[in-house]
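Undergrad: Give me coordinates for this.
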Amino acid sequence: MPRWGLLVEQNLGLGGQRRVWSPGVMDHVDGTREEALEALRQRAEVYEPLHPASPKRRRLYRERDGFVLVLDGAWQSFHCRFTVMEELYDSAAPEPAPEQPQAAPEPEPEPVRPPPPVRRRPVRPRPKPEPEPERAWDADVPEVPSWLNRERPSGR
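TA: Sure, this is the predicted structure:
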């Protein structure tokens, strides 16, 4: 089964002559070319490039081997190119793991029985507290506080 590289190319750096066109491998897909293109499209739709920081508009175009994302910034436009390429060689590829012999399938675990229902004692209603005897809420507060240095009005 072929292995496909999902590549992105974008401009790095600021200013006219300080920009560098930089490629990078985003991921690999083992499968058909169409599966790799679909995976690349999903990545390209949500890709957040370095420039511009706050794009005003995003446009995604499809080409034969991939996609081009055009981003309009505040002052200028930037673009990223996404390409599907078949990997033919990798000098640092990990060694394939030796195939393990297939073990016999494990027996089905016994079904778990639900625990028995917990019996609870019926809830008894609590007795209502006895109401406090009625008294005037301000019975212990003088009508005129002593700190005012006033006499109680004679009319009362």
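Undergrad: for the residue most central in space within the chain, phi and psi?
TA: Of all residues in the chain, the one closest to the mean position by CA atoms, centre = their mean is Val46, 13.6 Å from it. Main-chain torsions, Val46, degrees, to the nearest 10: phi -110, psi 0.
Undergrad: Let me know the distance separating it from Pro111.
TA: With the distance defined as CB to CB, to the nearest Å, Val46 ends up 43 Å from Pro111. The way it works is simple: take the backbone N, C-alpha and C, and place the C-beta from them, glycine included.
Undergrad: quick one: strands adjacent to the helix or strand hosting Gln10?
TA: Element membership for Gln10 (DSSP states H and E) is strand 3-12. In the sheet, strand 3-12 lines up against strand 20-30 (antiparallel), strand 77-86 (antiparallel) (DSSP bridges).
Undergrad: dump the residue contacts of Val8.
TA: Listed by CB atoms under 8 Å, 6 or more residues apart in numbering, the contact set of Val8 reads Pro23, Gly24, Met26, Tyr47, Cys80, Arg81, Phe82.
Undergrad: Let's see that with 10 Å instead.
TA: Residues near Val8 by CB atoms under 10 Å, 6 or more residues apart in numbering: 22-27, 40, 43-44, 47, 49, 66-67, 69, 80-83.
Undergrad: Would you mind checking those for buried ones?
TA: Buried by 16 or more other CB atoms under 10 Å: Leu40, Ala44, Tyr47, Pro49, Gly66, Phe67, Leu69, Cys80, Arg81, Phe82, Thr83, out of these.
Undergrad: Surely the third one touches Cys80?
TA: Yes - distance between Tyr47 and Cys80: 6.5 Å, which falls inside the contact criterion (CB atoms under 10 Å).
Undergrad: pLDDT below threshold where in this structure?
TA: Applying pLDDT under 70 to the chain flags residues 14-17, 96-97, 135-156.
Undergrad: now the buried ones among the contacts of Val8 in a markdown table, with distance to Gln102?
TA: Converted to a markdown table, these look like this (distance: CB to CB, whole Å):
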| residue | distance to Gln102 |
| --- | --- |
| Leu40 | 34 |
| Ala44 | 39 |
| Tyr47 | 40 |
| Pro49 | 45 |
| Gly66 | 39 |
| Phe67 | 40 |
| Leu69 | 44 |
| Cys80 | 44 |
| Arg81 | 44 |
| Phe82 | 39 |
| Thr83 | 38 |
